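K.L.:
quick one, what's the 3D model for this:
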Amino acid sequence: MIVITGPTASGKTARAVHLARAIGGEIVSADSRQVYRSMDIGSGKDLDEYGEVPYHMIDVAPAGEVFNLFRYLDEARAAIASIESRGKTPIVCGGSGMYVEALARGTILPRVPRNDDLRQRLDPLPLDELRSILASMKTLHNTSDTDTRARAIRAIEIQTYYRDHPEADPGRPSGPLVRPLIIGVDIDRNTRRERISRRLDQRLAAGMVDEVRALIDSGVDPDILIGYGLEYRFITRHLLGALSAAEMRRQLETAIHQFAKRQMTWLRGMERRGLPICWISASLPPREFTDSIISLMAARQ
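P.N.:
As a prediction, the model looks like this:
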């Protein structure tokens with residue numbers, strides 16, 4: 001298995017597609033929002049880039065659903081097995097660090113059942129108190145578990161299960177799936193910032209606000225859209241009247257820059273946790289970038 005990862009706007013998809021064409025691969029997305037249908041512009045699916053290259057883990061759930069790590073690992077592993085059964089190479093591509101690391105590490109997650117008694121006790125509590133409870137149970141690496149009350153309660157439910165069932169050991173690895181070769185797209189900070197700003201304006205011009213408006217009009221709960229973060233959070237707040245168009249764009253741009261920094265922090269943490277990443281410069285032409293990966297693949301055989 002090959003993994004191509006990096007911060008947002010680093011050009012991961014284009015690199016993965018070029019590699020797939022060169023080696024006969026298929027792409028498995030590792031993006032926590034591209035799993036949702038009708039969330040195309042805001043999640044940056046860029047489906048036109050794939051051309052004839054098969055892709056997986058995109059458009060596999062309706063917008064408004066909560067798609068968690070457990071389900072991602074289950075379905076992504078099934079996709080990888082299918083790709084390998086056809087003699088193709090799976091190329092995992094994405095910047096959702098939790099998904100990338102869990103898949104590469106071979107993490108096994110238990111199926112955590114509902115705990116209705118716990119939910120009843122937690123239900124009256126405000127979100128800030130739920131966050132405090134969760135923070136006392138685990139380190140909060142990001143805000144995805146506490147974007148909404150429903151997510152925070154579910155996260156506490158999961159941590160409570162782990163506490164009461166230590167044998168479940170959620171971090172227990174089965175070993176890397178196929179000694180994954182992890183490639184990081186190395187992009188300098190200034191170029192990354194320029195790309196983020198330019199891409200944001202392109203997506204707004206392409207109708208990103210209308211996309212979010214259509215989701216709300218179709219019945220998707222605005223609170224769930226806000227919970228998806230970034231584009232969906234700030235545009236939803238704009239459409240609800242909490243932000244002007246100018247405020248929305250300014251705050252969203254800042255949030256995306258901050259998100260890119262958090263992605264890099266996660267990836268550096270992956271390296272410290274024993275998953276080496278081979279960083280290749282984003283400035284290389286596509287052919288040279290692909291040849292560098294092929295050389296690394298050959299060296300590992």
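
K.L.:
separation between the residue lying closest to residue 97 once chain neighbours are set aside and residue 77?
P.N.:
Closest residue to residue 97 apart from its sequence neighbours, by Cβ to Cβ, 6 or more residues apart in numbering: residue 266 at 3.4 Å. Where C-beta positions appear, they are placed from N, C-alpha and C, glycine not excepted. According to Cβ to Cβ, to the nearest Å, residue 266 stands 21 Å off from residue 77.

K.L.:
between these two, which one's more packed in?
P.N.:
Relative neighbour count places residue 266 above the other of residue 266 and residue 77, with 19 against 15, counting by other Cβ atoms under 10 Å.

K.L.:
give me the buried positions along the helix or strand hosting the more buried one.
P.N.:
In the assignment (DSSP states H and E), residue 266 maps to helix 245-272. In terms of neighbour count (16 or more other Cβ atoms under 10 Å), helix 245-272 has its buried residues at 248-249, 252-253, 256-257, 259-260, 263-264, 266-267, 270.

K.L.:
repeat that for stretch 130-139.
P.N.:
Residues 130-131, 133-134 are the ones in stretch 130-139 that count as buried (16+ other Cβ under 10 Å).

K.L.:
shouldn't residue 244 be in contact with residue 234?
P.N.:
No: assessed by Cβ atoms under 8 Å, residue 244 is found out of contact with residue 234, at 11.3 Å.

K.L.:
more neighbours: the two, which one.
P.N.:
residue 234 (25 against 10).

K.L.:
and the more buried one, what does it touch?
P.N.:
By Cβ atoms under 8 Å, 6 or more residues apart in numbering, the contact set of residue 234 is 243, 248, 251-252, 255.

K.L.:
could you give me the buried positions within stretch 140-157?
P.N.:
Buried, per 16+ other Cβ under 10 Å, within stretch 140-157: 144-157.

K.L.:
could you identify the most distant pair in the buried residues of stretch 130-139?
P.N.:
With distance counted by Cβ to Cβ, no two of those lie farther apart than 131 and 133, which are 7.3 Å apart.

K.L.:
if we go by neighbour counts, what in the helix or strand encompassing residue 288 is buried?
P.N.:
Under the criterion of DSSP H and E, residue 288 resides in helix 286-300. Residues of helix 286-300 classed as buried under the neighbour-count rule (16+ other Cβ under 10 Å) are 289-290, 293.

K.L.:
from these, which is closest to residue 138?
P.N.:
Closest to residue 138, out of all of these and judged by Cβ to Cβ, is residue 293, at 35.0 Å.

K.L.:
that closest one reaches residue 280, doesn't it?
P.N.:
Yes: taking Cβ under 8 Å as the definition, residue 293 is a contact partner of residue 280 at 7.2 Å.

K.L.:
what's the overlap in contacts for these two?
P.N.:
Common contacts of residue 293 and residue 280 (Cβ under 8 Å, 6+ apart): residue 183.

K.L.:
how many residues are close by the residue lying closest to residue 149 once chain neighbours are set aside?
P.N.:
Excluding the flanking residues, the one nearest residue 149 by Cβ to Cβ, 6+ apart is residue 127, at 5.2 Å. Look at residue 127: counted by other Cβ under 10 Å, it has 14 neighbours.

K.L.:
return the residues in contact with residue 127.
P.N.:
Counting by Cβ under 8 Å, 6+ apart, residue 127 makes contact with 146, 148-149, 152.

K.L.:
which two of these have the greatest separation?
P.N.:
Among the contacts of residue 127, 146 and 149 lie farthest apart (Cβ to Cβ), at 8.9 Å.

K.L.:
joint contacts of those two?
P.N.:
127, 130.

K.L.:
and the pLDDT at residue 144?
P.N.:
If you check residue 144, the pLDDT there is 60.

K.L.:
try residue 278
P.N.:
Residue 278 is given a pLDDT of 98.

K.L.:
likewise residue 204?
P.N.:
Residue-level pLDDT assigned to residue 204 equals 98.

K.L.:
any idea which element it lies in?
P.N.:
Going by DSSP H and E, residue 204 is part of helix 189-205.

K.L.:
still on that earlier bit, let's have the buried residues of helix 286-300 in JSON lines, adding pLDDT.
P.N.:
Compiled in JSON lines, these are given as follows (pLDDT from 0 to 100):
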{"residue": "289", "pLDDT": "98"}
{"residue": "290", "pLDDT": "98"}
{"residue": "293", "pLDDT": "98"}
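
K.L.:
ok, the residues you listed vs residue 73, which is closest?
P.N.:
For the buried residues of helix 286-300, the nearest to residue 73 is residue 293 (24.2 Å; Cβ to Cβ).
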